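S.K.: Attaching a predicted model along with its sequence, questions to come.
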Amino acid sequence: MRSTFIKLFLAFWTIEALIFVSTLLFLMNQFRTTEAVYTSAFAQMESNARLSIRAYETGGCVALKAVPSIFPIDTPAPGDQPALLFDPQNHLLCQTMDTTPYARRVAEVRKYGYMVHGQGSASYMQGVLADNASGKHYVYILRGSYPRQIYIPYREMLPRLAISLIVSLIVTFFITLMMTRPIGLLREAARELAQGNLRARVNWPRRLRPAVQQVEKDELRGLVVDFNEMAERLEQLVDAQKLLLRDVSHELRSPLARLSVALELAREEADEAAIQLEGTESEKNCGLLRDQLDRIGRETERLNDLIGQLLSLSSLESTRKLPETAPVSLRELLGGLLPDMEYEAKRRGCSVVFEDACGTGPTILGSPMLLARAAENVIRNAIAYTVEGSVVTVELRLEEWLQGDFAVIAVKDCGPGVPEDQLQAIFRPFHRLDLARQRSTGGYGVGLAITERAIRLHGGQVKARNAVGGGLTVELCLPLAG
């Protein structure tokens, strides 16, 4: 039982059920024991017995009939009298009825001093031994029925117990629901927030939205309000960061464009100066100048490429839905990428192999440009980290999951792999395994982040795992169209 709802529900309901059952059993048993009968009824019976004996000895049957406990006013017949008084010779006083059924009970009273009969039934018979002023022993027997509020037969107790348990079940359900519903809403919103949906909030019903006074008194509702405020503040901070990143990237484009123009002009002037100047020393100086200008050009291209990636990442992060979709054949998409990827792989002394495990080309409903960029970033990353002379394998296959049919693009390299605790972190922007962040040890840490967001926009997911024989395998899982 991992659910908090189930734990609280069973705990509360068990406690309530035990209270109901123990209360009913107590009511059933409190009038059955000899001690309870003696303490609650015998004292009053002895008092009534002495009063009846004194009335009989002083006024005879006329005075005895005036005692309410012997002859109530509304009694229809002498045989229905609730109290019986027997003299020392066991003769019934002032009543004419068959006393044979009471002979055994009278003897029991004379032997033990008291008598209790009829426990567990709707009627009762109780008797006490009482003395008169001269020490003669009279037997006083009281008979009747328990009040309905006290006596509950077993056959009637079960329906009442069932109704009580059902009522407690319903009450406990709603109490537990009130306690666990905010927790469930918080978990759902927290999962959406962790998946990147910064607009996730706890959707509290309008009619149940807490006021300020309720928030101060109710910890659970206060937690909901605090969570929504935290999520709103977090969204504002991240949006401000994205806006700053986008604005800075746009502002850098103009100086880079001017820098590229100035670089080309400097190269032309360097070439003209090399033609005009003569001599080995002058040519050497012009050659060094051209090398420096080429270095500036390469760094400018890298910076321009980084700005382009940042703008793409910012655009993907702010996009919640694909603007335009079309059927995309993954086989044709990879076929168009592989020639360029093979050319880049040859420069590193490795190769790219495409393995198509699909009988027919799988079709994805999405953006061809985003899908191509996502696959290209993963393949280029594999080429950059694989060992020279090795093979980068690009596999296309189909898999059937509970959510439906998926196409999987698996890219496997023969590089050093990634630590297990970093397999998910490599898809975060600017994450680098090398803390020194040297350009020679990898890219800018943006390519895989763009891939992850592009695949997520298509309803898929990206997974990374270390291969058994070494290297890293990155899988792009995309739902099939239809």
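M.R.: Received it, and whenever you're ready, just let me know what you need.
S.K.: Could you check the pLDDT of the residue most central in space within the chain?
M.R.: Central residue of the chain (C-alpha atoms, centre = their mean): G184, 4.7 Å from the mean position. Looking at G184, its pLDDT is 80.
S.K.: Next: A375.
M.R.: 89.
S.K.: Distance-wise, check it relative to M369.
M.R.: A375 sits at a distance of 11 Å from M369 (criterion: C-beta to C-beta, to the nearest Å). (Each C-beta comes from the backbone N, C-alpha and C, glycine too.)
S.K.: Who has more neighbours out of those two?
M.R.: Legend: neighbour count by other C-beta atoms under 10 Å for A375 and M369, higher for A375 (24 against 11).
S.K.: helices or strands up against the helix or strand hosting the more buried one?
M.R.: For A375, the enclosing helix or strand under DSSP states H and E is helix 368-385. Judged by 3 or more C-beta pairs under 8 Å, 6 or more residues apart in numbering; DSSP states H and E, helix 368-385 is in contact with strand 326-329, helix 330-347, strand 391-401, strand 404-412, helix 447-457, strand 472-479.
S.K.: Select, out of the ones you listed, the one closest to E192.
M.R.: helix 447-457 (12.7 Å; C-beta to C-beta).
S.K.: Distance from the chain centre to that closest one, please.
M.R.: Centroid separation between helix 447-457 and its chain, computed with C-alpha atoms, centre = their mean, to the nearest Å, is 28 Å.
S.K.: tilt between it and helix 368-385?
M.R.: Helix 447-457 runs at 150 degrees relative to helix 368-385, counting by axes from the mean of the first three to the mean of the last three C-alpha atoms, to 10 degrees.
S.K.: Domain-wise, how is this protein divided?
M.R.: Listed domain ranges for the chain are 32-145, 200-318, 326-479 (source: automatic domain parsing).
S.K.: name the helices or strands packed onto the strand or helix carrying L263?
M.R.: For L263, the host element (DSSP H and E) is helix 219-276. Judged by 3+ C-beta pairs under 8 Å, 6+ apart, helix 219-276 is in contact with helix 154-194, helix 212-217, helix 280-318.
S.K.: Which of those comes out lowest on mean pLDDT?
M.R.: Sorting the helices and strands packed on helix 219-276 by mean pLDDT places helix 212-217 lowest, at a mean of 51.
S.K.: Just the pLDDT for C350.
M.R.: Per-residue confidence (pLDDT) for C350: 91.
S.K.: Alpha carbons of the helix holding A375, in CSV - could you do that?
M.R.: Extracted C-alpha coordinates of helix 368-385, given in CSV (Å, rounded to 0.1, in the frame of the first residue of the first chain):
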residue,chain,number,x,y,z
PRO,A,368,11.1,18.0,-41.4
MET,A,369,13.5,20.8,-40.5
LEU,A,370,13.4,20.1,-36.7
LEU,A,371,13.6,16.4,-37.1
ALA,A,372,16.6,16.7,-39.5
ARG,A,373,18.4,19.1,-37.0
ALA,A,374,17.7,16.7,-34.1
ALA,A,375,19.2,13.7,-35.9
GLU,A,376,22.1,15.7,-37.3
ASN,A,377,23.1,17.0,-33.9
VAL,A,378,23.2,13.4,-32.5
ILE,A,379,25.1,12.0,-35.4
ARG,A,380,27.7,14.8,-35.4
ASN,A,381,28.1,14.4,-31.6
ALA,A,382,28.8,10.7,-32.2
ILE,A,383,31.3,11.4,-34.9
ALA,A,384,33.1,13.9,-32.6
TYR,A,385,33.5,11.5,-29.8
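S.K.: Buried residues, it. List them.
M.R.: Judged by neighbour count using 16 or more other C-beta atoms under 10 Å, the buried positions of helix 368-385 are 368, 370-385.
S.K.: Could I get the pLDDT score of P205?
M.R.: On pLDDT, P205 comes in at 61.
S.K.: can you give me the angle the helix holding A375 makes with strand 472-479?
M.R.: With the same axes, to 10 degrees applied, the angle from helix 368-385 to strand 472-479 works out at 170 degrees.
S.K.: Does L198 belong to a helix, a strand or coil?
M.R.: For L198, the secondary structure call by DSSP: H, G, I helix; E, B strand; the rest coil comes out as coil.
S.K.: measure the residue found closest to it once you drop the neighbours it is linked to in the chain to R373 for me?
M.R.: Counting by C-beta to C-beta, 6 or more residues apart in numbering, L198 lies nearest to E235, which is 4.1 Å off, once chain neighbours are set aside. Note on E235: its distance to R373, by C-beta to C-beta, is 26 Å.
S.K.: before we move on, what about V116?
M.R.: Taking C-beta to C-beta as the measure, V116 falls 94 Å from R373.
S.K.: Over to A382?
M.R.: Applying C-beta to C-beta, the value for A382 to R373 is 15 Å.
S.K.: got the buried residues for stretch 344-359?
M.R.: Buried residues in stretch 344-359 (16+ other C-beta under 10 Å): 345, 348, 350-352, 354.
S.K.: Likewise for stretch 88-97?
M.R.: Within stretch 88-97, the residues that qualify as buried are 92-95, counting by 16+ other C-beta under 10 Å.
S.K.: which pair in these spans the largest distance?
M.R.: Across those, no pair lies farther apart than L92 and C94, at 7.8 Å, counting by C-beta to C-beta.
S.K.: list residues touching both of these two?
M.R.: L85 (C-beta atoms under 8 Å, 6 or more residues apart in numbering).
S.K.: Now do the helix holding L263 and helix 154-194, the angle between them.
M.R.: For helix 219-276 against helix 154-194, the angle by the same axes, to 10 degrees is 20 degrees.
S.K.: where does the stretch 1-150 of the chain dip in pLDDT?
M.R.: By pLDDT under 70, the low-scoring segments of the stretch 1-150 of the chain are 1-5, 24-41, 69-81, 118-122, 146-150.
S.K.: Repeat the analysis, applying 80 as the threshold.
M.R.: Counting by pLDDT under 80, the ranges of the stretch 1-150 of the chain that qualify are 1-43, 67-82, 116-124, 144-150.
S.K.: related to what we said a few turns ago, now the helix holding L263: average pLDDT?
M.R.: 74.
S.K.: Figure out how far that helix is from the centre of its chain.
M.R.: Between the centre of helix 219-276 and the centre of its chain there are 39 Å (C-alpha atoms, centre = their mean).
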